[in-house]
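> build me a model from this:
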Amino acid sequence: QVRLVESGGGLVQTGGSLRLSCVASGRTFIPYAMAWFRQAPGKEREFVAGITGTGSTRSYADSVEGRFSISRDRTWNIYLQMNSLNPEDTAVYYCAAKSTKTESFSFWGQGTQVTVSS
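Below you'll find the model as predicted:
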């Protein structure tokens, strides 16, 4: 079983930065892609950023383009560098992974809270 554990959330002021980490562990796992999603209170979970297993392709939601950066290391851990944070970025951030191109994200972490104060 693949286990994803997020960390790095917290409280930050508008304009500040945070770096989220997602550590992958468990059985031998080579993901097709990994991603960050977020869910704000009263809203549906939304895609934030994604990266392919090779690291060659990255994608971002329009709302975070130019402010957030996703990266990965050799052991399939991924990171989300978040700059110029604003209160609209307040949410629980989740790490996710999928094994193939066509399937949905089936592995999820428990989430880490990010709160941006105005």
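
> can I take it that Glu88 is in a helix?
Yes. Under DSSP: H, G, I helix; E, B strand; the rest coil, Glu88 sits within a helix.

> so what's the residue count around it?
Number of residues near Glu88 (other CB atoms under 10 Å) recorded here: 11. For glycine as for every other residue, the C-beta is placed from the backbone atoms N, C-alpha and C.

> swap in Cys22?
Cys22: 26 neighbours (other CB under 10 Å).

> element containing it?
Using DSSP states H and E, Cys22 falls within strand 18-26.

> now Arg74
For Arg74, there is no host helix or strand (DSSP H and E).

> contacting residues around the helix or strand where Met34 lies?
In the assignment (DSSP H and E), Met34 maps to strand 33-39. For strand 33-39, the external contacting residues (CB atoms under 8 Å, 6 or more residues apart in numbering) are 20, 22, 24, 45-53, 70, 72, 76, 78, 80, 89, 91-98, 101, 105, 111, 114.

> quick one, which of those residues are buried?
Among the contacts of strand 33-39, those buried by neighbour count (16 or more other CB atoms under 10 Å) are 20, 22, 24, 48-53, 70, 72, 76, 78, 80, 89, 91-98, 105, 111, 114.

> so which of those belong to strands?
20, 22, 24, 48-52, 70, 72, 78, 80, 91-98, 114 (DSSP state E).

> and Val116, that one's in a strand?
Yes. Checked against three-state DSSP, Val116 lies within a strand.

> for the remainder of this discussion, apply numbering that starts at 31.
Taking 31 as the first residue, the last one we looked at is Val146.

> report the contact partners of it.
Residues counted as contacts of Val146 (CB under 8 Å, 6+ apart) are 41-44, 46, 115-120.

> go again using 7 Å as the cut-off
Shown in contact with Val146 (CB atoms under 7 Å, 6 or more residues apart in numbering): 42, 44, 115-117, 119-120.

> do Ile108 as well
Going by CB under 7 Å, 6+ apart, Ile108 touches 52, 64, 81, 100-102, 125.
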